[in-house]
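Engineer: Fold the following for me, if possible:
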Amino acid sequence: MNGRTYTAQPVEATLGPHRFMFPANLYYNQIGPFAGGAVMLAVFWSGFNAAPPGNYPERSMEDGYRQVTIELRYVGRAGGGWGTWRRI
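Structural biologist: Predicted coordinates:
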């Protein structure tokens, strides 16, 4: 469709030192991570299912209202917990 192949095959996403395989149709653009590695997924209310492969360019206004966007970011290690804070 429009020069692109849409599929549900797994596509790798890297978040920090971790690698994940998400179905291509689960990504916001139904292709894979954005340039620079940003990972955004899209599911639809109320079943939280991915859209069928290839419907990205054909989504309706109603689909836009039902879409739940999930942005994944790696923020690094959480540190040593509450006990590591310094008192002033």
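
Engineer: From now on I want contacts and neighbour counts done on CA atoms only, so please keep to that.
Structural biologist: Fine.

Engineer: residue boundaries of the strands in this protein?
Structural biologist: 10-15, 18-23, 39-44, 67-72 (DSSP state E).

Engineer: ok, and which of the ones you listed has the densest surroundings?
Structural biologist: Stretch with highest mean neighbour count among the strands of the chain: strand 39-44 (a mean of 19; mean count of other Cα atoms under 10 Å).

Engineer: what mean pLDDT does stretch 52-65 have?
Structural biologist: Stretch 52-65 shows a mean pLDDT of 83.

Engineer: let me fix that: stretch 7-27
Structural biologist: Rounded mean pLDDT across stretch 7-27 is 93.

Engineer: picking that back up, quick one: which of the strands of the chain is nearest residue 54?
Structural biologist: The minimum distance between residue 54 and the strands of the chain falls on strand 18-23, with 12.6 Å, by Cα to Cα.

Engineer: Tell me the strands beside the closest one, with direction?
Structural biologist: Here strand 18-23 has these sheet partners by DSSP bridges: strand 10-15 (antiparallel).

Engineer: ok, residues contacting the strand it pairs with?
Structural biologist: Here strand 10-15 makes contact (Cα atoms under 8 Å, 6 or more residues apart in numbering) with 19-24, 31-33, 37, 39, 72-74.

Engineer: Looking at these, which is nearest residue 7?
Structural biologist: Of these, the one sitting nearest to residue 7 (Cα to Cα) turns out to be residue 24, at 6.0 Å.

Engineer: I appreciate the help and will end here.
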